[in-house]
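Novice: sequence isn't available, so here's the structure alone:
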């Protein structure tokens, strides 16, 4: 089988009828739904309304990372397209992605251009035109800098990126298996950046194919502002750095990152967001406990970062230099 489109579902009884029809309509390949032990009517809806869709039922909620790892164990295909349950796809959305992988042996992962479901001329927060990472480990996107979203004017053509969004993540199955898939320690959030980092360190490339377009609802599983989302993002970002940064560089930046994150926590508190404040503080302590608990964590043994990491501070660019768009950065890859 050439491609398997795999959707991870957890209590998606409202999302499945809204978004699955577009996937079925525009996908000439096998579609799988991996269910993370939903407690709503998801399985009933799938069996009744979408009998052609393959369903894999897990025994409990393993989160995004391990949920996909377990689901993909039983699926055979050349390429896996991991698709969020709140993504609307368009006609011929898969062909440009398949074509890129077919003709580019050193490309391991790619993503479509991700636009907002609510404003279809605007980039979407979770992926936009591809993910980037600055040297302090802050992720951002072409078309999305922190909370600033650009309008899509075709300014970001097919390009090499640092990481691809987990909302629409196409990967060679052999690469996924070779690198062990997503790290279960992440549970959800930034596990795709971790996997892309490991893949990049092995010499493979990652692309965004902007001729393929999808529309992302966003925030359907976890609200944009919540303790759980804040906790996972801050904790997992530190786990990402600890695992993937060269040890010498990590020791230089870790103190700076902790200071910046504590500062961010108090900004949340002073702006009336105590839940987010608590989320950041808990995330930092949780990460420190993880370091003690998982001393056998496999870490990057290289002595330098991949060349594709943005060499400046995105915080400085955004807040002090007022560069709100990717194209305005002091140094970017066009």
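Specialist: Received the coordinates, thanks. The model shown is predicted, which means the values in this text are computed figures rather than measured ones.
Novice: please make it C-alpha for all contacts and neighbour counts, starting now.
Specialist: Will do.
Novice: off-centre distance for stretch 317-332?
Specialist: Relative to its parent chain, stretch 317-332 has a centroid offset of 22 Å by C-alpha atoms, centre = their mean, to the nearest Å.
Novice: I meant stretch 119-126, not that one.
Specialist: Chain-centre distance of stretch 119-126: 15 Å, with C-alpha atoms, centre = their mean.
Novice: start to end distance for stretch 84-91?
Specialist: Distance across stretch 84-91, first residue to last, is 17 Å (C-alpha to C-alpha, to the nearest Å).
Novice: can you pull the buried residues of it?
Specialist: Neighbour-count burial for stretch 84-91, with 16 or more other C-alpha atoms under 10 Å as criterion, is recorded at 84, 85, 86, 87, 88, 89, 90.
Novice: of those residues, which is the nearest to residue 196?
Specialist: Of all the buried residues of stretch 84-91, residue 196 sits closest to residue 84, with 17.6 Å by C-alpha to C-alpha.
Novice: return the distance of the residue nearest to the closest one when sequence neighbours are not counted relative to residue 304.
Specialist: Leaving aside its sequence neighbours, residue 84 sits nearest to residue 167 (C-alpha to C-alpha, 6 or more residues apart in numbering; 4.8 Å). Separation of residue 167 from residue 304 (C-alpha to C-alpha) stands at 29 Å.
Novice: neighbour count: these two, which is higher?
Specialist: Legend: neighbour count by other C-alpha atoms under 10 Å for residue 167 and residue 304, higher for residue 167 (23 against 13).
Novice: hmm, residue 89 and that one touching each other?
Specialist: No - using C-alpha atoms under 8 Å, residue 167 makes no contact with residue 89, being 11.5 Å away.
Novice: now the strands for this protein?
Specialist: With DSSP state E as the criterion, the chain has strands at 3-9, 30-35, 54-57, 79-83, 87-89, 107-116, 131-133, 139-141, 144-145, 148-149, 159-160, 168-172, 205-216.
Novice: what helices or strands is the last one leaning on?
Specialist: Using 3 or more C-alpha pairs under 8 Å, 6 or more residues apart in numbering; DSSP states H and E as the contact test, the elements touching strand 205-216 are strand 87-89, helix 95-103, strand 107-116, strand 159-160, helix 191-201.
Novice: ok, the fifth one next?
Specialist: Identification of packing neighbours for strand 87-89 by 3+ C-alpha pairs under 8 Å, 6+ apart yields helix 15-25, strand 205-216.
Novice: please identify the deepest-packed of the ones you listed.
Specialist: Ranked by mean neighbour count, the helices and strands packed on strand 87-89 are led by strand 205-216 with a mean of 24 (mean count of other C-alpha atoms under 10 Å).
Novice: contacts for that one?
Specialist: Residues external to strand 205-216 that are found in contact with it (C-alpha atoms under 8 Å, 6 or more residues apart in numbering): 86-90, 92-97, 106-117, 120, 124, 129-130, 156-164, 167, 196, 199-200.
Novice: pull up the pairing partners for it, direction included.
Specialist: Within its sheet, strand 205-216 is paired with strand 87-89 (antiparallel), strand 107-116 (parallel), strand 159-160 (antiparallel), according to DSSP bridges.
Novice: out of the ones you listed, indicate the one that is most buried.
Specialist: Of all the strands paired with strand 205-216, strand 107-116 carries the top mean neighbour count, a mean of 28, counting by mean count of other C-alpha under 10 Å.
Novice: and for the closest residue in space to residue 275 that isn't next to it in sequence, the neighbour number?
Specialist: Spatial nearest neighbour of residue 275, excluding adjacent residues (C-alpha to C-alpha, 6+ apart): residue 227 at 5.5 Å. For residue 227, the count of nearby residues is 20 (other C-alpha under 10 Å).
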